[in-house]
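Participant: fold the following, please.
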Amino acid sequence: MRTSVTWLNDYLDPPATAEEQAEVLTNAGFPLDGRDVAENGEPWQEIEITSNRGDCICHVGFAREVCAVTGRRLKFALPAAKATGPAASSIIRVTNERTDLCPLYTARVIRGVTVRPSPDWLQRRLIAIGLVPRNNLVDATNFVLFELGQPTHVFDLATLAGSEIRVRLASNGEPLLPIGDAATEIKLRENDLVIADRDRAIAIAGVKGGVLTAVRDSTRDILIEAATFSPVAVRATSRALKISSDSSYRYERGVHAAEVGPAAERLVALILELAGGELCAGSVSAGDAIAAPRIVDLRPDRCRKILGIDLATDVMARRLEALGFAPKLSGDRLVCTVPARRMDIAREIDLIEEVCRTNGLAAIGVSDTIPIRVTPVQPQIAARKATKDLLVGLGFVECVTHTLVSEIAAAPFVPANIATLSVDDERAGGEPTLRPSLAPSLLRVRRHNLDNGLDALDLFECASIFSLHGESHRETPVVSFLVDGVSSSAEDRDTCYRRARGTVERIAALLAGPAAPVDVVASNHKSCSPSGDVFVDGTIVGTIGLVAPAALKQFGLERPIAFAELALDPLFRRYPPETRAAAMPAFPASDRDISAIVDERVTWKDLTTVVNDLDLPNLESVAHVATYRGKQAGAGKKSVSMRLVFRAGDRTLTHQEADSALATAVAALRGKLGAEIRSA
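Facilitator: Predicted coordinates:
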């Protein structure tokens, strides 16, 4: 916030130099961010404010901080304006339809004002902080905004249809011409909160007033608005309509309903001083009851222990008293009443921070050494690193891509019964969709590298994908990879897929252990053809398949590309896998190979299930050797070679024992799968 050195000194007794103001505020947590001299010769300083300190977006707020640190006296008292006119409720009616978005709306009426230029002292204060004086009414609202931090607005009472104020939601497409140089008419949305009269919207609540009801030189009777609005609603409307103001900046950081009345009284008194007129009695308000002040206790011993300094209890009390907390000693505690403006104070530690700030951060001791306890790497972090190391070792190149993609790129990779999430931000341009898969990003990288002459490239990325399940937003960490093909031949497609399948098995063995079974069950994902769901030890963890031709064409790719995407959380939970040491076999194994011609629909799992279900004596493992498709196998057939390893733990097996078990396996394959045995 830009502050005027002179304006800030209006509230300090004694005054402080610009350098002292900057130093004190910096030490209190509000660092100086620049300084200069305004066109009228008055010095100004830019002071940074954290988003939770809305109470300090004003000169009185900063003056209060300076007084708390330096012991100065705060020179500020709210004036009391005398009402001489009829009741305001007899002139204006206020209806608040959305107290959830507008907890309190108040209206005061002054009749017979005279609109004219502001006096020199007021113009100098506004020019010093970069504002342009307009007239005594508008300047008064700006003065109160930067004095107390309460946004207000003045309507020309004669322009309000029906002498009525309604706080309501806009209708979709409802027009409004906002105040401002070169402003153009806007179309409101149905979820925008507006201030309306009987017939139309006249202001965007908390953001901007409208031209049709703005004060002008001929204005004689005015309605003064002082209210508070939901920070979330103000921010959403301001961003959606691309309209911001000093008022919206303040409302977005929170204005307490209890602060509305005093600020309105200050504005009324100032307008009567600057523009004359007759104040109507009372205010017309609509909203919820103002919540009682919060009570928070501070234990001085706890404060001393946290800060590490021996600070007297009465010093703590003085610091908190200067900030308006009205501390009272009760036993071993300081009972503090939190001022309404301090919406950031909710717990004891918040009060301890206030004591620390105002006492000076320099008083906190700094140790020459810092004790460090070395802890082991968390399993999930180690698992992620191990996964990346494995993929790099297999020849993959890691990518780091943007989270947002276009709707067209995302469409082929959106699973059934799941919706995508998009950001409502113009900076996203044509790519507003949170990616439902890493495939679009990796395929775009592959195309870019292909255009730049890199013919063969396997890619992977560890990142999050996003989806909408009903009303539930989900973010899922995954590892995804592409396996590049060379040509469009059936053999190359098969090789491409098998490399991807082998990579999935390597990842599963790394994270879940070599004994964890990996199964792929055929599925119908539109992104891949063919496609399958990956199961590790019976739990589905992802998908695998060859990217569908339509999706490849979308990215300008022609060669086959295998793609797999595995959810990391279910795999990381098993890392590191439990391993057991075992003695090396004492006796040799006996290998037997089977080459069986089976129908194309028969899977490797079908073959191994038939063999394993036989519970053959001394069978140690069943391993895949090769798969052949071609003229010798026949149309719709394939030849699968598998190796059965037999071993006894107490002796060397005889050929007859291995051959007998092999014969049993061959008979089962013939009987259950209709296999034609080429060799065994």
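Participant: quick one: the nearest residue to Val625 once chain neighbours are set aside from Ser679, how far?
Facilitator: Nearest non-adjacent residue to Val625, counting by C-beta to C-beta, 6 or more residues apart in numbering: Ser641, 3.8 Å away. No exception for glycine: its C-beta is placed from N, CA and C like everyone else's. Going from Ser641 to Ser679 by C-beta to C-beta, to the nearest Å gives 9 Å.
Participant: how about Tyr105?
Facilitator: Using C-beta to C-beta, we find Tyr105 at a distance of 89 Å from Ser679.
Participant: contacts only, for the closest residue to Val338 other than its chain neighbours.
Facilitator: Excluding the flanking residues, the one nearest Val338 by C-beta to C-beta, 6+ apart is Arg294, at 4.3 Å. Shown in contact with Arg294 (C-beta atoms under 8 Å, 6 or more residues apart in numbering): 337-338, 345-346.
Participant: now pLDDT too, for these, in JSON lines please.
Facilitator: Converted to JSON lines, these look like this (pLDDT from 0 to 100):
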{"residue": "Thr337", "pLDDT": "97"}
{"residue": "Val338", "pLDDT": "97"}
{"residue": "Ile345", "pLDDT": "96"}
{"residue": "Ala346", "pLDDT": "95"}
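Participant: how would you label Ala227: helix, strand or coil?
Facilitator: strand (DSSP: H, G, I helix; E, B strand; the rest coil).
Participant: could you report the neighbour count for it?
Facilitator: 29 (other C-beta atoms under 10 Å).
Participant: who does it bridge with?
Facilitator: Tyr105 (DSSP bridges).
Participant: give me the phi and psi for Arg111.
Facilitator: When read as degrees, to the nearest 10, the backbone of Arg111 gives phi -110, psi 150.
Participant: ok, back up a step: who has more neighbours, Ser641 and Ser679?
Facilitator: Taking other C-beta under 10 Å, Ser641 and Ser679 do not tie; Ser641 has more neighbours (16 against 9).
Participant: any idea which element the more buried one lies in?
Facilitator: Using DSSP states H and E, Ser641 sits within strand 637-646.
Participant: return the set of buried residues in that strand.
Facilitator: 637-642, 644, 646 (16 or more other C-beta atoms under 10 Å).
Participant: and it, how far from the chain's centre?
Facilitator: 53 Å (C-alpha atoms, centre = their mean, to the nearest Å).
Participant: sheet-wise, list the partners of that strand with their directions.
Facilitator: Counting by DSSP bridges, strand 637-646 is paired with strand 590-599 (antiparallel), strand 619-628 (antiparallel).
Participant: possible to save those strands as JSON lines with mean pLDDT and mean neighbour count?
Facilitator: Formatted as JSON lines, the strands paired with strand 637-646 follow (pLDDT from 0 to 100; neighbours: other C-beta atoms under 10 Å):
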{"stretch": "strand 590-599", "mean pLDDT": "95", "mean neighbour count": "18"}
{"stretch": "strand 619-628", "mean pLDDT": "91", "mean neighbour count": "14"}
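Participant: looking at these, which is nearest to Arg216?
Facilitator: Of all the strands paired with strand 637-646, strand 619-628 sits nearest to Arg216, with 86.2 Å by C-beta to C-beta.
Participant: export that closest one as PDB, just CAs?
Facilitator: C-alpha atoms of strand 619-628 as PDB (Å, rounded to 0.1, in the frame of the first residue of the first chain):
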ATOM      1  CA  LEU A 619       7.900 -77.500 -10.800                       C
ATOM      2  CA  GLU A 620       9.900 -74.400 -10.000                       C
ATOM      3  CA  SER A 621       8.800 -71.900 -12.700                       C
ATOM      4  CA  VAL A 622       7.100 -71.300 -16.000                       C
ATOM      5  CA  ALA A 623       8.800 -68.800 -18.300                       C
ATOM      6  CA  HIS A 624       7.900 -67.300 -21.700                       C
ATOM      7  CA  VAL A 625      10.400 -68.000 -24.500                       C
ATOM      8  CA  ALA A 626       8.900 -66.600 -27.700                       C
ATOM      9  CA  THR A 627       5.700 -66.000 -29.600                       C
ATOM     10  CA  TYR A 628       5.500 -66.600 -33.400                       C
END
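Participant: which other residues reach it?
Facilitator: 494, 589, 593, 604, 608, 611-612, 638-647, 661.
Participant: and what of stretch 519-532?
Facilitator: Contacts of stretch 519-532 (C-beta under 8 Å, 6+ apart): 412-413, 415, 437, 439, 501, 504, 533-535, 543-549, 551, 563, 605.
Participant: please pick the buried ones from those.
Facilitator: By neighbour count, with 16+ other C-beta under 10 Å, the contacts of stretch 519-532 hold 412-413, 437, 439, 501, 504, 533-535, 543-548, 551, 563 as buried.
Participant: what sits against the residue lying closest to Thr313 once chain neighbours are set aside?
Facilitator: Spatial nearest neighbour of Thr313, excluding adjacent residues (C-beta to C-beta, 6+ apart): Pro300 at 4.3 Å. Neighbouring residues of Pro300 by C-beta under 8 Å, 6+ apart: 311, 313, 316, 332-334.
Participant: kindly report the same for Leu298.
Facilitator: So Leu298 contacts 316, 320, 327, 333-334, 336, 348, 351-352, 355 (C-beta under 8 Å, 6+ apart).
Participant: rerun that using 10 Å as the cut-off
Facilitator: 313, 316-317, 320, 325, 327, 333-336, 348-352, 354-355 (C-beta atoms under 10 Å, 6 or more residues apart in numbering).
Participant: show me what the residue lying closest to Lys82 once chain neighbours are set aside is bridged to.
Facilitator: Among residues not flanking Lys82 along the chain, Leu279 sits closest, at 7.0 Å (C-beta to C-beta, 6+ apart). Beta-bridge partners recorded for Leu279 (DSSP bridges): Ile110.
Participant: doesn't Asp221 make contact with Leu279?
Facilitator: No - with contact defined as C-beta atoms under 10 Å, Leu279 and Asp221 do not form a contacting pair (11.5 Å).
Participant: that older thread, which of the contacts of Leu298 count as buried?
Facilitator: Buried among these (16+ other C-beta under 10 Å): 313, 316-317, 320, 325, 327, 333-334, 336, 348, 350-352, 354-355.
Participant: quick one on the thing from earlier: what sits in contact with each of Ser641 and Ser679?
Facilitator: What both Ser641 and Ser679 touch, as defined by C-beta under 10 Å, 6+ apart, is the set 593-596.
Participant: reformat the residues you listed as JSON lines; add distance to Ile364.
Facilitator: Shown next, in JSON lines, are the shared contacts of Ser641 and Ser679 (distance: C-beta to C-beta, whole Å):
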{"residue": "Asp593", "distance to Ile364": "76"}
{"residue": "Ile594", "distance to Ile364": "77"}
{"residue": "Ser595", "distance to Ile364": "78"}
{"residue": "Ala596", "distance to Ile364": "78"}
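Participant: nearest to Thr654, of the residues you listed?
Facilitator: Nearest to Thr654 out of the shared contacts of Ser641 and Ser679 is Asp593 (C-beta to C-beta; 18.3 Å).
Participant: per-domain residue ranges of the protein.
Facilitator: 2-74, 85-287, 295-363, 379-572, 590-679 (automatic domain parsing).
Participant: residue contacts, Thr184?
Facilitator: 177-178.
Participant: re earlier: restricted to helices, list the buried ones among the contacts of stretch 519-532.
Facilitator: If you go by DSSP state H, the buried ones among the contacts of stretch 519-532 have 439, 501, 504, 551 in helices.
Participant: and the residues you listed, which is closest to Arg111?
Facilitator: Looking across these and measuring by C-beta to C-beta, the closest to Arg111 is Ala439, at 68.5 Å.
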